[in-house]
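J.: pasting the sequence and the predicted model now:
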Amino acid sequence: MNQSQFLICLTLLFAYPNVFSAVTFGRDKLKGTTRTMSLVADDKMGVQVEKRVRSDFTGSFSVEVDGVVVEQVIHIDGMAHSYDEGGKNDGIADQAKPGTIFLQRKWTNLQDWSNWRKSVLDGKVDRKSISVIFHNDAGEEAGRVNFYDCFPTKWVGPALNAKNSGHATEKIELAFERMEWKQN
């Protein structure tokens, strides 16, 4: 039982001490996506009561590359875009500057990011579209930022430290030509 499960259990037991006789957690009790956890408890009469609880109150986003979901992305940085004024000082944007976005994900045995970077080094600039999708508490899409004509400019493998119990991660730096915000 992890800390959030323990806190949920304690909250329910203190709030309803006479209702619940047993509270169970486990993979067999999980329902829906990994963003929700199903808490199942038996009341005194043996009736199962189910309550859906968010298991990740932060990080409600996902990432797609050319429409395919990228798993385990834990950090995104650099979602900004600027424009040149064209030297006229009239406050009107002349031309968009290329931007940079940084993605970090938990280390996996997939080599898609490093292979993409290698193809650029080999002279084949394979430009892709990246979408950062924001989710509401129900897990539905609330908005997205689309980055177009992206290609990797840097890939960083995991930093290894035997004294650190954190997850190994990999990072990719992507250049993009333009960015578009869409809100639902």
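T.: Yep, that arrived. Numbering: from 1, shown residues only.
J.: which stretches of the protein have low pLDDT?
T.: Per-residue confidence for the chain (pLDDT under 70) gives these ranges: 1-59, 84-95.
J.: all the strands of it, residue numbers only.
T.: Under the criterion DSSP state E, the chain contains strands at 20-24, 36-43, 48-54, 61-65, 68-70, 73-77, 83-84, 95-96, 99-106, 128-135, 141-156, 169-176, 178-183.
J.: most tightly packed of these?
T.: Mean neighbour count (mean count of other C-beta atoms under 10 Å) peaks for strand 169-176 among the strands of the chain, with a mean of 20. Using the backbone N, CA and C atoms, a C-beta is placed for each residue, glycine as well.
J.: which elements pack onto that one?
T.: With contacts defined as 3 or more C-beta pairs under 8 Å, 6 or more residues apart in numbering; DSSP states H and E, strand 169-176 has these neighbours: strand 99-106, helix 112-121, strand 141-156.
J.: give me the residues contacting the first one.
T.: Contacts with strand 99-106, where a contact means C-beta atoms under 8 Å, 6 or more residues apart in numbering, come from 63, 70-82, 130, 147, 150, 153, 167-176, 179.
J.: one more pass at 6 Å, please.
T.: For strand 99-106, contacts defined as C-beta atoms under 6 Å, 6 or more residues apart in numbering pick out 72-78, 81, 147, 167, 169, 171-176.
J.: likewise for the second one?
T.: Contact partners of helix 112-121, identified using C-beta under 6 Å, 6+ apart, comprise Asp126, Phe151, Pro152, Trp155, Ile172.
J.: mind redoing it with 7 Å?
T.: By C-beta atoms under 7 Å, 6 or more residues apart in numbering, the residues outside helix 112-121 that reach it are Asp126, Phe151, Pro152, Trp155, Glu170, Ile172.
J.: which pair in the residues you listed spans the largest distance?
T.: Of all pairs drawn from those, the one with the largest separation by C-beta to C-beta is Asp126 and Glu170; the distance is 18.2 Å.
J.: care to break the chain down by domain?
T.: The chain is divided into the following domains under automatic domain parsing: 3-54, 61-183.
J.: got the end-to-end distance for the last one?
T.: In domain 61-183, first residue to last residue: 14 Å (C-alpha to C-alpha, to the nearest Å).
J.: quick one: residues contacting the closest residue to Glu180 other than its chain neighbours.
T.: Residue nearest to Glu180 in three dimensions, not counting chain neighbours: Asn146, with 4.6 Å by C-beta to C-beta, 6 or more residues apart in numbering. Applying C-beta under 7 Å, 6+ apart, we find Asn146 in contact with Ser129, Ser131, Met179, Glu180, Lys182.
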